[in-house]
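> give me a model of this one.
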Amino acid sequence: MTLEDYLKKYFGYPTFRPGQREVITALLAGKDVLGVLPTATGKSLCYQLPSYLIPGLTIIVSPLIALMEDQVSQIKRELGSAVALNSQLTAAEKEFVLIHIAEYKFLFVSPEMLWQKKVLQVLQKQKIALFVVDEAHCISQWGIDFRPEYRQLNKVKEFLNNPLTLALTATAPPFVQKDIAQLLLNSNYQLVKKSVDRKNIRLFVRQTEEKLLDLENLLKNLTGPGIIYCATKKTVEFLYQQLKEKFNLGFYHGGLNSSERSRLQLQFQSNQLDILIATNAFGMGIDKSDIRFVIHFDLPDSLENYVQEIGRAGRDGNMSQAILLYQKNDEKIHHYFKQMRQDERSGFQQLLEEKSDGDSELQKKWLDLSRSIGSDEVLEALKVNEQVKSDKLAQMLAYIHTTTCRRAFILGNFAENILQKPEQCCDNDNATISYGPVALKKSNTVKHWQEIFLKLFKETN
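Have a look, this model is predicted:
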């Protein structure tokens, strides 16, 4: 059977998306792979299909509990056997998973849980088909979403007898790719990289003094479904309260429990909700192809994250829109986060000097890391990442204020050039926001269409 035959057998698809076949072919040839594939290219299939063809357990290291739950649900819908091992489990549930580990084909696990001695001892006894690191840019201290615990994964891989490894990310400039490869992959690894450019997404920035009012006006006229991204849970809930009487929408953030998140995802995917207001906890692993617009109410902290978040739109290939609303001093929220990180690092450094065990979960985590990979390395990595985040924020502000092509600006960040500019590219190239009948609250829909038909009738008579 060909790979296309297996694709049809296990997933029902006739053809691969760009990059998928190259990744799978390299894995089946026994090579480690770094897959830098943009949002909407189906990265999960890159490990799911070869896992069905290689005997043993596939371990997927994932940074977000919500993302793990999404992927486990998807695999179970397709009659696969999957489980997530994370902090949401009780001690008894965790014990059950470890006892029955041989019965699963896919194990999703957080890096913190993976490093636990008992978990490693159980996994060392298993035949491992594939070791997958999702959101692999978290490994790199040069990556915007750097997480120090990710840098232990090379030691985990060694403890598990160096299984075949796949590192996946949607956003990794060349220097981040190099960092991932050096830390995690064998020397003969294969890089599979596709352009981050999504030609069917128009790019707009609106500088405003009345952001909430502008948002309401947009929602009255845009064609949905759509997502509104905010930087904090507080802003998500504030917007929901302001807009819930006017539009058919819901809200989503990491503070919701698993059943609430699942219900909202189902409502959005089945078009019971036209709009979701969300933090960036929403979107990863969500397979909704017809999202027509993504609005950022708050300033993203980096171009990498912005590109990933707007990539939720237009997965069906049809025209979609990314609109960033910017009000003067929006960056203050990120300066606040920066100060919090500096305070946390200073507190951690003081604990090291005092040889104290700390009292917060974050302090304990960093102390555990310092014992395993060295306190100097952890501190240096945290300092470097603070500077990286500052540089990335400055770059995001430069994107907002640029008067040149926004698409070219984004691609330049990933060492790419525009090969063919779409006719409707960005507002700096005279693209215009496309309006149409939208996501109005159901009680207003009939009236809305009556007004349109009345206007058309008057114009033609």
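> chain center to stretch 300-312: distance?
Remark: stretch 300-312 is offset 9 Å from the chain centroid, using CA atoms, centre = their mean, to the nearest Å.
> which residues touch that stretch?
Residues outside stretch 300-312 that contact it (CB atoms under 8 Å, 6 or more residues apart in numbering) are 38-40, 137, 143-145, 170-173, 196, 198, 201, 203, 227, 229, 231, 280, 283, 286, 288, 291, 294, 296, 322, 324, 334, 337, 389, 392-393, 395-396, 399, 410, 413. In short, each C-beta sits where N, CA and C put it, glycine included.
> so who does residue 21 touch?
Residues counted as contacts of residue 21 (CB under 8 Å, 6+ apart) are residue 3.
> and residue 54, by the same measure?
27, 28, 129, 130, 164.
> sorry, back to before: narrow the contacts of stretch 300-312 to those in strands?
Using DSSP state E, the subset of these located in strands is 201, 203, 227, 229, 294, 296, 322, 324.
> and the third one, how many neighbours?
I take that to be residue 227. Residue 227 has 25 neighbouring residues, counting by other CB atoms under 10 Å.
> check it and give its pLDDT.
Residue 227 carries a pLDDT score of 95 in this model.
> what of the first one?
The confidence metric pLDDT takes the value 96 at residue 201.
> neighbours around residue 169, how many?
Residues near residue 169, counting by other CB under 10 Å, number 26.
> all helices for the stretch 151-300 of the chain, in order.
Taking DSSP state H, counting those that start in this stretch, the helices of the stretch 151-300 of the chain run over residues 153-159, 174-184, 211-221, 233-243, 258-269.
> then residue 132 would be within a helix, right?
No: secondary structure of residue 132 (DSSP: H, G, I helix; E, B strand; the rest coil): strand, not part of a helix.
> can I assume residue 83 is in contact with residue 69?
No: proximity of residue 83 to residue 69 does not meet the contact threshold set by CB atoms under 8 Å, at 10.8 Å.
> packing partners for the longest helix along the chain?
Counting by DSSP state H, the longest helix found in the chain is helix 375-401. Judged by 3 or more CB pairs under 8 Å, 6 or more residues apart in numbering; DSSP states H and E, the packing partners of helix 375-401 are strand 201-207, helix 303-310, helix 332-354, helix 361-373, helix 406-413.
> pull the residues that contact the shortest one.
When contacts are taken as CB under 8 Å, 6+ apart, the neighbours of strand 201-207 outside the stretch itself are 214, 310-311, 313-314, 319-328, 399-400, 406-407, 410, 422, 424-427, 431, 433-434.
> buried residues in stretch 411-427?
Neighbour-count burial for stretch 411-427, counted by 16 or more other CB atoms under 10 Å, picks out 411, 413, 414, 416, 418, 422, 424, 425, 426, 427.
> nearest to residue 344, of the residues you listed?
Distance to residue 344, by CB to CB, is smallest for residue 413 among those, at 27.7 Å.
> gap between the nearest residue to that closest one once chain neighbours are set aside and residue 388?
Leaving aside its sequence neighbours, residue 413 sits nearest to residue 303 (CB to CB, 6 or more residues apart in numbering; 5.0 Å). Remark: distance between residue 303 and residue 388 (CB to CB, to the nearest Å) = 12 Å.
> which one of these two has more residues nearby?
Using other CB under 10 Å as the criterion, residue 303 and residue 388 rank with residue 303 on top: 23 against 18.
> residues of the helix or strand harbouring residue 5 that come out buried?
Of the helices and strands defined by DSSP states H and E, residue 5 is found in helix 3-11. Residues of helix 3-11 classed as buried by neighbour count (16+ other CB under 10 Å): 3, 7, 10.
> now that helix, how far from the centre of its chain.
Helix 3-11 has its C-alpha centroid displaced from the chain centroid by 26 Å (CA atoms, centre = their mean).
> also stretch 383-393?
Counting by CA atoms, centre = their mean, stretch 383-393 comes out at 19 Å from the chain centroid.
> do the same with stretch 98-117
A distance of 22 Å separates the centroid of the chain from that of stretch 98-117, by CA atoms, centre = their mean.
> please begin residue numbering at 39 from this point
New numbering, starting at 39: the last item is stretch 136-155.
> end-to-end on it?
12 Å (CA to CA, to the nearest Å).
> for stretch 65-80, same thing?
Using CA to CA, the two ends of stretch 65-80 sit 16 Å apart.
> buried residues in it?
65, 69-80.
> stretch 182-190 too?
Across stretch 182-190, burial judged by 16+ other CB under 10 Å covers 182, 183, 184, 185, 186, 187, 188, 189, 190.
> and the strands in the stretch 39-188 of the chain?
71-74, 95-99, 120-123, 144-147, 166-171 (DSSP state E, counting those that start in this stretch).
> let me know which of those is tucked in deepest.
With neighbours defined as mean count of other CB atoms under 10 Å, these peak in mean count at strand 71-74, which reaches a mean of 26.
> partners of it in the sheet?
strand 203-207 (parallel), strand 228-231 (parallel) (DSSP bridges).
> isn't residue 424 right up against residue 378?
No: assessed by CB under 8 Å, residue 424 is found out of contact with residue 378, at 10.7 Å.
> neighbour-wise, which of these two wins?
More crowded of residue 424 and residue 378, by other CB under 10 Å: residue 424, with 15 against 10.
> so what's that one closest to, chain neighbours aside?
Per CB to CB, 6+ apart, closest to residue 424 is residue 379, 5.8 Å.
> which sections of the stretch 39-188 of the chain are below the confidence cut-off?
104, 117 (pLDDT under 70).
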